[in-house]
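[1] take this sequence and fold it.
(chains A and B)
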2 protein chains.
Amino acid sequence: MNIDINNFFTPQEWQKIQEFSSQKETPFLVVLLNIVERRFNELKEAMPYADIYYAVKANPAVEILQLLDQLGSCFDVASVYELRILQSLNISPERMSFGNTIKKSKDIKEFYDAGVRLYVSDSEMDLKNIAQNAPNCKVLIRILAEGVLTAAWPLSRKFGCSQEMAYDLLVMTRDLGLVPYGVSFHPGSQQREIGAWDSAIAKVKYLYDMLLESENIKLQCINMGGGLPSQYLDKINTTKTYGDEIKRFLTDDFGDDMPRIIIEPGRYMVANAGVLISEIVLIARKSRTALARWIYTDIGKFGGLMETLDESIKYPIYTPKYAENDKEKAIIAGPSCDSVDTMYEDFQYPLPLSLEQGDRLYWLSTGAYTSSYCSVNFNGFPPLKAYYL
Amino acid sequence: MNIDINNFFTPQEWQKIQEFSSQKETPFLVVLLNIVERRFNELKEAMPYADIYYAVKANPAVEILQLLDQLGSCFDVASVYELRILQSLNISPERMSFGNTIKKSKDIKEFYDAGVRLYVSDSEMDLKNIAQNAPNCKVLIRILAEGVLTAAWPLSRKFGCSQEMAYDLLVMTRDLGLVPYGVSFHPGSQQREIGAWDSAIAKVKYLYDMLLESENIKLQCINMGGGLPSQYLDKINTTKTYGDEIKRFLTDDFGDDMPRIIIEPGRYMVANAGVLISEIVLIARKSRTALARWIYTDIGKFGGLMETLDESIKYPIYTPKYAENDKEKAIIAGPSCDSVDTMYEDFQYPLPLSLEQGDRLYWLSTGAYTSSYCSVNFNGFPPLKAYYL
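    Presented below is the predicted three-dimensional model:
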């Protein structure tokens, strides 16, 4: 295995990263905003039928939010804290949805008072809270999608309800004086299998038909959540392929009567724009006959690489030494006194034998779910520094 | 299952917590310093033969560090950042050890320049770095202990080397002009099984004998690391029992020629002193026939409950409603848009059926590995507030 930097950055981009980072002390994250812009445009082109709500949680840096604001993106908001950031940037509430199904009544009220009129729910209690604090608003009911099984970062049963319960909740939405706007699902984060969208859309279609037939409720919108993959180690399809295939699934089910489509890309938009630059602290063999080296870097799970949990996300790790040398599998771990802070142990990474302490390792595709995930000061280490160029 | 608050706090302590917290907005952590003091004294009494080095990483709050300083504790330090905090409190470097086996050369130098003379290592490369940057210092070589299998928060193979390699490294320590001070091990964090210490001590004894016989190296110290358990859901022995039994294991192996003993309690010292106060955000059933409720609280894995990873640490969760009601198993999850942020799903917690949104849940024994583990701003949520009374 070799990681080719040209698959991730143009020569100009890579040079820019190198120049910016050469004198800086590791670890730190660099995000190239032009790549975020490129991803946004690519997605708009591949899925012209969808409204883009950027999932702020993937990377809430103001530089990214401002750029996406200028590009015309809408925003999927997870908490009042994210709402307040967007408000401070003068982003219109009409371009926001409150996508978290878990919310305090007073938080719903804060969103409503701010002017947000689109909410997602999956339970009776939450729906009643919405009715009370955000009267007349549009509500999407989130269903469980099976795609979680093939996703790299699975979403389990924490979000979404069964199809029958979604039916009940959509009826209840109407009865509570809210607008039963449509159905929401999430195919699973970093979902590479296009089929996950197909089965979820079929479920939505069934709900559309049932509600129209039995309750005369005409739903208007499908929120397909996030899930569109970024380039990590494993192969993915092109954005155009995802866009075309999902369009085909939608047309198969809805024909000319196409509802409004919302997508909530987070990882897709920002992951590939980031590179986390670390240094090798130590290389160790733990017995006289050890077949694998332990390579310890100055960045770890609690410094921003939390998505290596269960080795879920396999970041491409680049070193200029890939070209020149023999490789041997290595176990890669972080700098803290905690063994959970081991990134790859079962999946042993082939890394050049000539690596030495002080060498830099570049963690590619780290623009999403890194800087905000990192711990406050675990083992005393400060939060990850991040630069947006 | 009922959680009895009297097993965790005296009536006076509980009243103090209640009075302090009643008007505060959740979530937040309260730590009672008198309990930290009680734990310190209990441990000193139970293990009078050991020098206590508090593992700063368990909770680096200055209030705790100052208290333990006054009580005469020494400190096990994981990074230069922790070192700088201790320096700012005017704690003498003679009472510190640099216990992290993963360290940059320049960090070793900073410790040496600060006056720290005791280091722990487990690899050739690190040992050479110590020789270069901390000449003539004392070095403990850390071995792998099998106890990790029975520990609640396992320490895997990330730290420590094989016995033969420890032998080689201790010889090398001498040859590099350093002091081969002794052997270090860690029985595994939250280690309830006393036998884990027995087998590790036997391994140490073997190294002591071999090195004396073959190399005329007389080791002087055993660092037994942390691992002493705190009271979570599962039963543990009294501190006195651990102290007495470990003393017996040591005497069996070393008789009258007892080396200096160091212990590095972290969790033991602070876990039981803390209570994390949260509120129920939402209670949901996800299908018409769901047998378990989802109970969502305003604190989650990324807000400080990271040790619920793989449901490793089972915190006692107290509610005043335990007394009065029928109970039913519940799945307990945090407030973020991330399904990894689910604390207990396989281990479904029996909680009162009468619980409602807005009710407070008290996460007991949360004084260790919570406030420093929490994320900077995942999903926008701010870091955990903590108060030391």
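[2] is chain B within reach of stretch A:79-95?
    Yes - Stretch A:79-95 lies within reach of chain B by C-beta under 8 Å from any C-beta of the partner chain, at A:79, A:80, A:81, A:82, A:83, A:85. Any C-beta I mention is one placed from the backbone N, CA and C, and that applies to glycine too.
[3] looks to me like the third one is in a helix.
    Yes - secondary structure assignment places residue A:81 in a helix (DSSP: H, G, I helix; E, B strand; the rest coil).
[4] residues near it, how many?
    Per other C-beta atoms under 10 Å in any protein chain shown, the neighbour tally for residue A:81 reads 16.
[5] quick one: low-confidence ranges for chain A?
    A:146-156 (pLDDT under 70).
[6] and it, what are its domain boundaries?
    The record's domain parsing of chain A by automatic domain parsing lists A:5-13+A:16-27+A:272-388, A:60-265.
[7] endpoints of the first one, how far apart?
    For domain A:5-13+A:16-27+A:272-388, the first and last residues are 19 Å from each other (C-alpha to C-alpha, to the nearest Å).
[8] and that domain, does that touch chain B?
    Yes - for domain A:5-13+A:16-27+A:272-388, a contact with chain B is found by C-beta under 8 Å from any C-beta, at A:279, A:281-288, A:294, A:296, A:298, A:302, A:306, A:309, A:333, A:335-342, A:345, A:357, A:371-383.
[9] roughly how far out does that domain sit from the chain middle?
    Centroid separation between domain A:5-13+A:16-27+A:272-388 and its chain, computed with C-alpha atoms, centre = their mean, to the nearest Å, is 20 Å.
[10] do the same with the longest one
    The chain centroid and the centroid of domain A:60-265 are separated by 14 Å under C-alpha atoms, centre = their mean.
[11] could you identify which of the residues of stretch A:79-95 next to chain B has the most neighbours?
    So for the residues of stretch A:79-95 next to chain B (other C-beta under 10 Å), the most neighbours sit at residue A:79, 28 neighbours.
[12] hmm, that one is touching residue A:102, no?
    No - assessed by C-beta atoms under 8 Å, residue A:79 is found out of contact with residue A:102, at 9.6 Å.
[13] now do the shared contacts for those two.
    Each of residue B:335 lies in contact with both residue A:79 and residue A:102 under the rule C-beta atoms under 8 Å, 6 or more residues apart in numbering or on different chains.
[14] which among the residues of domain A:5-13+A:16-27+A:272-388 next to chain B end up buried?
    Among these, the ones that count as buried by 16 or more other C-beta atoms under 10 Å in any protein chain shown are A:279, A:281-286, A:294, A:296, A:298, A:302, A:306, A:309, A:333, A:335-342, A:345, A:357, A:371-381, A:383.
[15] pull the contacting residues for residue A:372.
    A:57, A:59, A:60, B:375, B:376, B:377, B:378, B:379.
[16] any idea how far residue A:279 is from residue A:129?
    To residue A:279, residue A:129 is 48 Å away according to C-beta to C-beta, to the nearest Å.
[17] let me redo that: residue A:89
    For residue A:89 relative to residue A:279 (C-beta to C-beta), the value is 34 Å.
[18] now residue A:296
    Residue A:296 sits 10 Å away from residue A:279, going by C-beta to C-beta.
[19] and residue A:51, by the same measure?
    Using C-beta to C-beta, one gets 42 Å for the distance from residue A:51 to residue A:279.
[20] which of the residues of domain A:5-13+A:16-27+A:272-388 next to chain B fall in strands?
    A:279, A:281, A:282, A:283, A:284, A:294, A:296, A:333, A:342, A:345 (DSSP state E).
[21] the first one bridge partners, please.
    Note on residue A:279: beta-bridge partners residue A:360, judged by DSSP bridges.
[22] now do the fifth one
    In this structure, residue A:284 bridges to residue A:294 when assessed by DSSP bridges.
[23] before we move on, back to that, ok, the residues of stretch A:79-95 next to chain B vs residue A:261, which is closest?
    residue A:82 (22.9 Å; C-beta to C-beta).
[24] which residue packs closest to the closest one, ignoring adjacent ones?
    Spatially, and ignoring its direct neighbours in sequence, residue A:82 is nearest to residue B:380 (3.9 Å; C-beta to C-beta, 6 or more residues apart in numbering or on different chains).
[25] residues in contact with that neighbour?
    Residues in contact with residue B:380 (C-beta under 8 Å, 6+ apart) are A:56, A:57, A:60, A:78, A:79, A:80, A:81, A:82, A:83, A:85.
[26] now stretch A:28-45: how far from the chain's centre is it?
    From the chain centre to the centre of stretch A:28-45 is a distance of 14 Å (C-alpha atoms, centre = their mean).
[27] residues from the stretch 151-300 of chain A in reach of chain B?
    A:153-162, A:164-165, A:168, A:279, A:281-288, A:294, A:296, A:298.
[28] so what's the residue nearest the centre of chain A up against?
    With distances taken as C-alpha atoms, centre = their mean, the residue of chain A nearest its centroid is residue A:267 (3.1 Å). By C-beta under 8 Å, 6+ apart, residue A:267 lies in contact with A:55, A:58, A:189, A:190, A:226, A:228, A:229, A:230, A:368, A:369.
[29] do you know how far the third one is from residue B:46?
    This means residue A:189. 48 Å.
[30] residue A:77: how many residues sit nearby?
    Neighbour count of residue A:77, defined by other C-beta under 10 Å: 32.
[31] in stretch A:300-307, what counts as buried?
    In stretch A:300-307, counting by 16+ other C-beta under 10 Å, buried: A:300, A:301, A:302, A:303, A:304, A:305, A:306, A:307.
[32] name the residues that touch it?
    Stretch A:300-307 has contacts (C-beta under 8 Å, 6+ apart) with A:27, A:29, A:153, A:276, A:299, A:308-309, A:313, A:315, A:333-336, A:338, A:340-343, A:363, A:366, A:369-371, A:373-375, A:378-379, A:381, A:383-384, B:373, B:375.
[33] do stretch A:23-34 as well
    A:9, A:13, A:16-17, A:20-21, A:59, A:61, A:63-64, A:67, A:270, A:273-279, A:297-299, A:303-304, A:360, A:366-367, A:370-371, A:384-389.
[34] can you list the buried residues of stretch A:300-307 in TSV and add distance to residue A:205?
    Listed next are the buried residues of stretch A:300-307 as TSV, based on distance: C-beta to C-beta, whole Å:
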residue	distance to residue A:205
A:300	45
A:301	41
A:302	43
A:303	44
A:304	40
A:305	39
A:306	36
A:307	33
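[35] against which helices or strands is the host helix or strand of residue A:119 packed?
    In this assignment (DSSP states H and E), residue A:119 forms part of strand A:118-121. Contact partners of strand A:118-121 among helices and strands, from 3 or more C-beta pairs under 8 Å, 6 or more residues apart in numbering or on different chains; DSSP states H and E: strand A:96-98, helix A:124-133, strand A:138-142.
[36] of all these, which one is nearest residue B:135?
    Between residue B:135 and the helices and strands packed on strand A:118-121, the tightest spacing by C-beta to C-beta is seen for strand A:96-98, at 60.2 Å.
[37] show me what that closest one is packed against.
    Using 3+ C-beta pairs under 8 Å, 6+ apart, the elements in contact with strand A:96-98 are strand A:74-77, helix A:80-88, helix A:105-114, strand A:118-121.
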